[in-house]
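Student: Just to be clear, the model below is a prediction. Sequence and coordinates:
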Amino acid sequence: MARVIFMLVALVCMFQTLAAPLQSRAITSGECSQLNTRIIIGIGAAQGKLGSINTVNDVGNARNILEAQLSLLDANNGTTQIADALLTGAKPAPADANARIVSGLQASLASLNKISFIAQNSTKAAVAAANSSMTTALESAQQAVAANCQTTAN
Ligand SMILES: *[C@@H]1O[C@H](CO)[C@@H](O)[C@H](O)[C@H]1NC(C)=O
Ligand SMILES: *[C@@H]1O[C@H](CO)[C@@H](O)[C@H](O)[C@H]1NC(C)=O
Ligand SMILES: *[C@@H]1O[C@H](CO)[C@@H](O)[C@H](O)[C@H]1NC(C)=O
C-alpha cells in the first residue's frame, strides 16, 4: 500500500511536469492522477479506521460496520484497477472504474450512517474519522467521473 501511494505520488509529480504547458485545458491527466491519489489515501485511511474497531464488542453495530468495509473493498477494486493500469500499463482499467469507486463509497457511507451511537467513545471516533476520509475520497471520485478522467497513463 505504502509503495503504491509512493509510486502514485511520483507519477503525479511526473505528470505535473508534463502537464505544465497544458494548464488552460479543463482538467489534465496530472489532475486526474492527483484525484486518484486522494481517493487511494482516503480509502486507505477509512479502511484503517474501520479495521481498528473491534466488532465483537459492538454487536449492535457489527453488521453495518462490516457492510461498510465490504463496500470499501468494492471501491478499492476500482482504485486497484486504475493503479495497475497506471503503474504496469499492462491493460487499461475498465471505463467504469471511477464510477465503481463512487458507488462503493456511497454504499459504504450509507452503511456508516445506519450506525447509531449513544456514547462518545473510540468506536464513534473511528467511524467519524472514516466518514470524513470517505467523504473526501468520494468528492475526488465524483470529480474524476465528471471530468471523464482516463484510467490509463496515456
Ligand atoms: C474487481 O471487479 C472485477 C469486475 O467485477 C472482478 O472481475 C474482479 O475479480 C474484482 N477484483 C477484486 C480484487 O475483487
Ligand atoms: C461505543 O458505544 C457504543 C454504543 O453507543 C457501543 O456499542 C460500543 O461497543 C462502544 N465502543 C467501545 C469501544 O466501547
Ligand atoms: C458523516 O458526515 C456527514 C456530514 O459530514 C454527517 O451528516 C453524518 O452524520 C456523518 N456520519 C457519521 C456516521 O459520522
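Tutor: Yep, that arrived. Residues are numbered from 1 along each chain as shown. Ligands and ions are numbered 1, 2, ... in the order given.
Student: immediately after the helix ranked longest in the chain, which helix or strand?
Tutor: Counting residues, the longest helix found in the chain (DSSP state H) is helix 59-88. Using DSSP states H and E, the helix or strand that follows helix 59-88 towards the C-terminus is helix 97-112.
Student: quick one: buried residues of the next helix or strand after that following helix?
Tutor: Read in the C-terminal direction, the helix or strand following helix 97-112 is helix 122-146, with elements assigned using DSSP H and E. Residues of helix 122-146 classed as buried: 123-124, 126-127, 129-131, 133-134, 136-145 (neighbour count, 16 or more other C-beta atoms under 10 Å). Placement of C-beta: from N, CA and C, glycine included.
Student: Please name every helix or strand in contact with helix 122-146.
Tutor: Under the contact definition 3 or more C-beta pairs under 8 Å, 6 or more residues apart in numbering; DSSP states H and E, helix 122-146 sits against helix 29-51, helix 59-88, helix 97-112.
Student: And the residue lying closest to Ala129 once chain neighbours are set aside, how far from Pro94?
Tutor: In space, not counting the residues next to it along the chain, Ala129 is nearest to Lys49; the distance is 4.7 Å by C-beta to C-beta, 6 or more residues apart in numbering. When C-beta to C-beta, to the nearest Å is applied, the distance between Lys49 and Pro94 equals 28 Å.
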